[in-house]
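Q: heads up, no residue letters with this:
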């Protein structure tokens, strides 16, 4: 159903087609709007990871949310005002190819916005290049999605370039501040694995996501892979240039009684001994932790601090102190971890490694 407009309104839509530069400028403003929205969605993704939802499975869902926002943002504003925010600031209007006084309606606005998104996905981030090439090289100056939906974009030569510059600069500043003042120091960080100590779970030079708010709702759990600062008590066991975001897996929780022998980790609880299931471990530790008589020499941390040891069921056991954890690398025979330097204080843990994104994408 067409919606007539008064002559004064028709004068706002002259026949002058919008140029490639004007369309590009308007698109950049609209991308800035989407980038601000995407930043908020990204913060939601970090929180959902923290409460235990799979990060990989959420990616498709959150990308879909951003796609729906893009389509609805464009189609609703185009139907209601013939302008998105970018078009408004650059003085552009979406009109019907045949009758500028005719509303293009929601259905045509929706299809037009959906095609714009599809071309954007297929041809890359920079303005959906294949879609916009006809604007630069044809006399009609219409994009592919304009041709398909019977619309065109005209200019009223009333661009507000100051507001355009302010909106673009504002979005850049917002994303920069959120990234480097909020996300990176407070919420999440990308790390890489420089050693084979977590292989094969995390290969050498593998890139992972550290979620810094993973433990706001619950304490660290057995099996979690965590990043931590090297505790002061263990600093002598590490090179001086390594101290931040070391990566290991939690094996022992506060109060646990643990021993390692025959390549397995054993837990002692309520008079029973059980083997800790570790299907991810390939190269198992060949020694015993703790040793019964300190025959590993001066670097046998536990036999030099016998207060954490007890003897029962024919074995020596380590008792993990309150607010501390026993952490091991998955590559047990090539890992500098708790079996060498002792317990990890809770205060040293920076967060949980939730997923790997290189060389493959998967949850951890």
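A: Now that the structure is in, tell me what you want to look at. The structure presented is a predicted model; accordingly, all values stated were derived computationally and were not measured.
Q: show me the domain layout of the protein.
A: As given by automatic domain parsing, the domain ranges for the chain are 7-186, 193-363.
Q: what's the end-to-end length of the shortest one?
A: With Cα to Cα, to the nearest Å as the measure, the ends of domain 193-363 fall 16 Å from one another.
Q: which helices and strands sit right next to the helix or strand containing residue 21?
A: Applying DSSP states H and E as the criterion places residue 21 in helix 20-50. Packed against helix 20-50, as judged by 3 or more Cβ pairs under 8 Å, 6 or more residues apart in numbering; DSSP states H and E, are the following elements: helix 55-81, helix 85-90, strand 92-96, helix 129-137, helix 161-177, strand 207-211. Yep, even glycine has a C-beta here, placed from its N, CA and C like the rest.
Q: follow-up on the earlier one: now mean pLDDT and mean neighbour count too, for the domains of the chain, in a markdown table please.
A: Shown next, in a markdown table, are the domains of the chain (pLDDT from 0 to 100; neighbours: other Cβ atoms under 10 Å):
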| stretch | mean pLDDT | mean neighbour count |
| --- | --- | --- |
| domain 7-186 | 81 | 17 |
| domain 193-363 | 84 | 17 |
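Q: for residue 182, which non-adjacent residue is closest in space?
A: In space, residue 182 comes closest to residue 43 once its chain neighbours are excluded; the distance is 7.9 Å by Cβ to Cβ, 6 or more residues apart in numbering.
Q: and residue 228, backbone torsions?
A: Dihedral pair for residue 228: phi -150, psi 160, per degrees, to the nearest 10.
Q: surely it is in contact with residue 352?
A: No - with contact defined as Cβ atoms under 8 Å, residue 228 does not count as touching residue 352 (10.5 Å).
Q: any idea how far apart the tips of stretch 355-364 sit?
A: Length of stretch 355-364, first residue to last, Cα to Cα: 5 Å.
Q: how far out from the middle of the chain is it?
A: Centre-to-centre, stretch 355-364 and its host chain are 11 Å apart (Cα atoms, centre = their mean, to the nearest Å).
Q: which residues sit against it?
A: With contact meaning Cβ atoms under 8 Å, 6 or more residues apart in numbering, stretch 355-364 is reached by 49, 54-57, 59, 190, 201-203, 206-209, 225, 353-354.
Q: try it again with 7 Å
A: 54-56, 201-203, 206-209, 225, 353-354 (Cβ atoms under 7 Å, 6 or more residues apart in numbering).
Q: report the two of these separated the most.
A: Maximum pairwise distance among the contacts of stretch 355-364 (Cβ to Cβ): 20.8 Å, between 54 and 203.
Q: if we can go back for a sec, between the helix holding residue 21 and helix 55-81, how many degrees?
A: With axes from the mean of the first three to the mean of the last three Cα atoms, to 10 degrees defining the directions, helix 20-50 sits at 140 degrees from helix 55-81.
Q: what's the angle from helix 20-50 to strand 207-211?
A: 70 degrees.
Q: roughly how far is helix 20-50 from the heart of the chain?
A: Worked out by Cα atoms, centre = their mean, helix 20-50 lies 15 Å from the chain centre.
Q: repeat that for stretch 146-166.
A: 34 Å.
Q: same thing with stretch 255-275?
A: Remark: stretch 255-275 is offset 36 Å from the chain centroid, using Cα atoms, centre = their mean.
Q: same question, stretch 107-127
A: In terms of Cα atoms, centre = their mean, the centre of stretch 107-127 is found 24 Å from the chain centre.
Q: also stretch 267-281?
A: Chain-centre distance of stretch 267-281: 34 Å, with Cα atoms, centre = their mean.
Q: residues contacting that stretch, please?
A: So stretch 267-281 is in contact with 201, 251, 256-258, 264-266, 312-313, 317, 330, 332, going by Cβ under 7 Å, 6+ apart.
Q: could you work out the most separated pair of those?
A: Greatest spatial distance among those (Cβ to Cβ): 201 and 312, at 31.8 Å.
Q: run the angle between the longest strand seen in the chain and helix 55-81 for me.
A: Criterion DSSP state E: the longest strand present in the chain is strand 349-358. Taking the same axes, to 10 degrees, one finds strand 349-358 and helix 55-81 inclined to each other by 80 degrees.
Q: quick check: phi and psi at residue 98.
A: When quoted as degrees, to the nearest 10, the phi and psi of residue 98 stand at phi -90, psi -30.
Q: ditto for residue 197
A: Backbone dihedrals for residue 197, given as degrees, to the nearest 10, come out at phi -70, psi -20.
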